[in-house]
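In: need the 3D shape of this:
(one chain, ligands or ions: 1)
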Amino acid sequence: MIKTDLMIIGAGPAGCSAAIYAVRSGVKTMIAGGAMPGGQLLQTNDLENYPGFENPVGGFELMTAMHKQCKRLGVEILTDKIVKIEGEKTPFILTAESGEQYESMAVIIAAGASARWLGVSGEEKLKGHGVSACATCDGFFFRGKEVVVVGGGNTAFEDALFLSQFCPKVTLVHRREGFRADAVTVEKVKNTPNISMMLNCVIDEVIGQEKVTAAILRNVKTQEKTTLSCDGIFVAVGAVPQTDWLKESAVKLTENGLVQVDAHQQTNVSGIFAAGDCTEPEFRQAIVAAGSGAKAGISAASFINLHR
Ligand code: NAP
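Out: This next block holds a predicted model:
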């Protein structure tokens, strides 16, 4: 059993920010970040709205800098994943995927969120064969091909812009006429000649045997169906909190699966805190995650120093 003061679960902006604040309060801090520490930002091309960078900064670059900052301050980043939290009061016992166990005085859950899928026929079968939830990761394979992006948020619009640089035809399919994406990005998409939009439309079925060949679209107003030939479908319809693994624990989740926290990022269990996208119903932004992580780090450090 490895002992620590604070175990942070998740190495995205929330986890890193929490670690920076905690370690600087004299708390022995570990982050369990999984096999690829860094969270959703690793799959983000450019951020133009993270303060401190005159020019857009790459998500991977930003996370690498955060990890280096954590390590310089003395935080240990593990490439293991915590799969179980036991205990209703300090200290807590954590079990990792590797089988390793940790005893920690306090815990911060910053496990983030993962892609939501459409759940339509053909999608599951063709994942990795034309269906993807990560344009940054898989876009390269679609060079010179025709692709569809589904969604009306910033991710969908940014994915469409990214893909339009090397795909001759990008069709953005969205279920209504209004967008969640910010006005600047919407304008950029509208001004990109090889991106077209099919609004009030949903995908009913993904077609293809070995790989995607088309999508069956349905206009939600007229119910009219059309077949759109394409080689790839990028699903960008939001995210779901990565909290399923907490269902057996004492930590309370909301009906949407978010970890319930108070203004100090404290969960219902004294000594277990949470931050970032796994707690956030609305403002899923890197800067918001970093801010809530800072609060969790400060709160956890106070808790630990009070219980020594
Ligand atoms: P989002 O803002 O929640 O948008 C999800 C989109 O998918 C919505 O347009 C939604 O439609 C649609 N949708 C949801 N379920 C669907 C379904 N079953 N079928 C069809 N469409 C469906 O998610 P996101 O774009 O991933 O963004 C998440 C957060 O990250 C946001 O806060 C966003 O601003 C932020 N973000 C920021 C940046 C940046 O600043 N650089 C980049 C990417 C993401 P409705 O609109 O009709 O609900």
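
In: now the element after whichever helix or strand H67 is part of, going C-ward?
Out: In the assignment (DSSP states H and E), H67 maps to helix 59-72. Downstream of helix 59-72, the first helix or strand assigned by DSSP H and E is strand 76-78.

In: re the thing from before, the helix holding H67 packs against which elements?
Out: helix 13-23, strand 46-47, strand 76-78 (3 or more Cβ pairs under 8 Å, 6 or more residues apart in numbering; DSSP states H and E). (Glycine included, C-beta is placed from N, CA and C.)

In: distance of P56 from E48?
Out: 5 Å (Cβ to Cβ, to the nearest Å).

In: wait, I meant L62
Out: L62 is 12 Å from E48, where distance means Cβ to Cβ.

In: where along the stretch 101-250 of the chain do the helices fall?
Out: For the stretch 101-250 of the chain, the helices defined by DSSP state H, counting those that start in this stretch occupy 135-138, 154-164, 183-190.

In: pick the most deeply packed of the ones you listed.
Out: helix 154-164 (a mean of 24; mean count of other Cβ atoms under 10 Å).

In: other residues contacting it?
Out: The contact list for helix 154-164 (Cβ atoms under 8 Å, 6 or more residues apart in numbering) reads 44-45, 135-136, 139, 142, 147, 149-151, 170, 172, 174, 179-182, 185-186, 188-189, 192, 194-195, 234, 236-238.

In: quick one: contacts for whichever residue of the stretch 51-200 of the chain sits closest to the ligand?
Out: The ligand sits closest to G153 of the stretch 51-200 of the chain, with a gap of 2.3 Å, by Cβ to the nearest ligand atom. The contact partners of G153, taken as Cβ under 8 Å, 6+ apart, are 179-181, 236-238.

In: rerun that using 7 Å as the cut-off
Out: G153 is in contact with 180-181, 236, 238, counting by Cβ atoms under 7 Å, 6 or more residues apart in numbering.

In: got it, and A106?
Out: Per Cβ under 7 Å, 6+ apart, neighbours of A106: 5-6, 90, 271, 273, 300, 303-304.

In: and it, bridged to which residues?
Out: With DSSP bridges applied, A106 shows beta-bridge pairing to L6.

In: state the distance from it to G153.
Out: When A106 is compared with G153 (using Cβ to Cβ), they lie 34 Å apart.

In: what sits closest to E100 if chain neighbours are left out?
Out: Nearest residue to E100, sequence neighbours excluded (Cβ to Cβ, 6 or more residues apart in numbering): D80, at 6.3 Å.

In: wait, the one you found sits on I31?
Out: No. At 10.2 Å, D80 does not count as touching I31 under the criterion of Cβ atoms under 7 Å.

In: more crowded one of the two?
Out: I31 (28 against 19; other Cβ atoms under 10 Å).

In: so how far is A19 from that one?
Out: Relative to A19, I31 is positioned 5 Å away (Cβ to Cβ).

In: is stretch 263-280 up against the ligand anywhere?
Out: No. Stretch 263-280 lies apart from the ligand when judged by Cβ under 6 Å from any ligand atom; the minimum separation is 8.1 Å.

In: and the contacts of that stretch?
Out: The contact list for stretch 263-280 (Cβ under 7 Å, 6+ apart) reads 10, 12-14, 18, 88-90, 92, 105-113, 239, 241-243, 250-252, 258-261, 284, 288-289, 292-293, 295-296, 299-300, 303.

In: which among these end up buried?
Out: Buried members of the contacts of stretch 263-280, counted by 16 or more other Cβ atoms under 10 Å: 10, 12-14, 18, 90, 92, 105-113, 239, 241-243, 251, 258-259, 261, 284, 288-289, 292-293, 295-296, 299-300, 303.

In: re the thing from before, pick out the most distant pair among the contacts of A106.
Out: Among the contacts of A106, the pair separated by the greatest distance (Cβ to Cβ) is D5 and F273, at 13.0 Å.
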